[in-house]
Every structure is written in structure tokens, then in C-alpha cells.
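>>> Below: sequence and its predicted model.
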Amino acid sequence: MNSIAKRLSTSFTRPSHGINSLSHGNSQLQQLRGIRVRVRNGKLEQALGFMQRIMQSSGIERLIKEQRTHHVKNSEKRVLAQKNLERKIRSQELSRKLQSILNQKVRGL
């Protein structure tokens with residue numbers, strides 16, 4: 001859990017004001033907003049677990065992983081490429097299904 005906290009502290013820095021800071025758009029707004037988690041009754045591990053779930057659901061964890069500067073193994077690249085391909089195919093299939101349903105409703109079938 002400590003590695004997550006370290007990655008968060010390094011990746012959430014306030015940007016400099018200028019043209020480049022405006023070009024990032026929504027991701028920059030998310031970085032400035034941050035995540036707040038309360039530690040109740042000294043249960044730090046529980047609070048870190050809760051923070052990790054929030055990060056996963058909001059996509060911040062994905063942004064942190066994309067900013068990695070170390071070497072990514074070829075096997076890891078293949079796994080990530082396969083997952084991206086599966087996500088893309090699933091999205092296309094869902095889009096086709098929704099399109100056919102809408103077409104049927106428009107036609108009155």
C-alpha cells in the first residue's frame with residue numbers, strides 16, 4: 001500500500017500556469033481535485049484499501065500506470081495489447097447490438 005501512496009504523491013503535482021497547463025483538460029482537473037480519505041479509529045490499512053478502490057473506479061490508477069518510466073517487459077506489453085483488443089471488440093459488439101435494437105424500434109418491429 002505504501003507504494004501506491006508514493007506514486008500518488010509524485011504524480012499529483014500542481015502544474016505550472018501557461019499554455020501547456022490548459023492543454024491537458026479533464027485529466028488535469030482530476031489531478032488538481034485529488035482524493036480525500038478519512039482514517040477512522042487509526043485503521044490506516046482499511047483507509048488505504050478504500051482509497052485504492054476509489055482510484056481504480058475513477059481511472060486514476062490507470063493514469064498512474066500510463067506514466068511509468070521504467071522498462072515494460074514484452075510479455076507485459078502483449079498482455080496489455082490483448083486486453084485492449086478485447087475491450088475494443090467488446091465495445092464494438094455492444095455498439096452493434098445497441099444499433100440494431102434502435103433500428104428495430106425505429107422501424108416499429
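Yep, it's here.
>>> which helices and strands sit right next to the longest helix seen in the chain?
Ranked by residue count under DSSP state H, the longest helix found in the chain is helix 74-107. For helix 74-107, there is no helix or strand it packs on, judged by 3 or more Cβ pairs under 8 Å, 6 or more residues apart in numbering; DSSP states H and E. C-betas here are computed from N, CA, C, even on glycine.
>>> now I60: how far from M51?
Going from I60 to M51 by Cβ to Cβ, to the nearest Å gives 10 Å.
>>> Please enumerate the shared neighbours of those two.
Applying Cβ atoms under 8 Å, 6 or more residues apart in numbering, one finds that I60 and M51 are jointly contacted by I35.
>>> average pLDDT for the one helix or strand K65 maps to?
Here K65, judged by DSSP states H and E, is contained in helix 60-66. What helix 60-66 shows for mean pLDDT is 78.
>>> Okay, buried residues for that helix please.
For helix 60-66, a neighbour-count test (16 or more other Cβ atoms under 10 Å) marks 60-61, 64 as buried.
>>> Save those as JSON lines, and put in distance to N74 too.
Listed next are the buried residues of helix 60-66 as JSON lines, based on distance: Cβ to Cβ, whole Å:
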{"residue": "I60", "distance to N74": "27"}
{"residue": "E61", "distance to N74": "23"}
{"residue": "I64", "distance to N74": "22"}
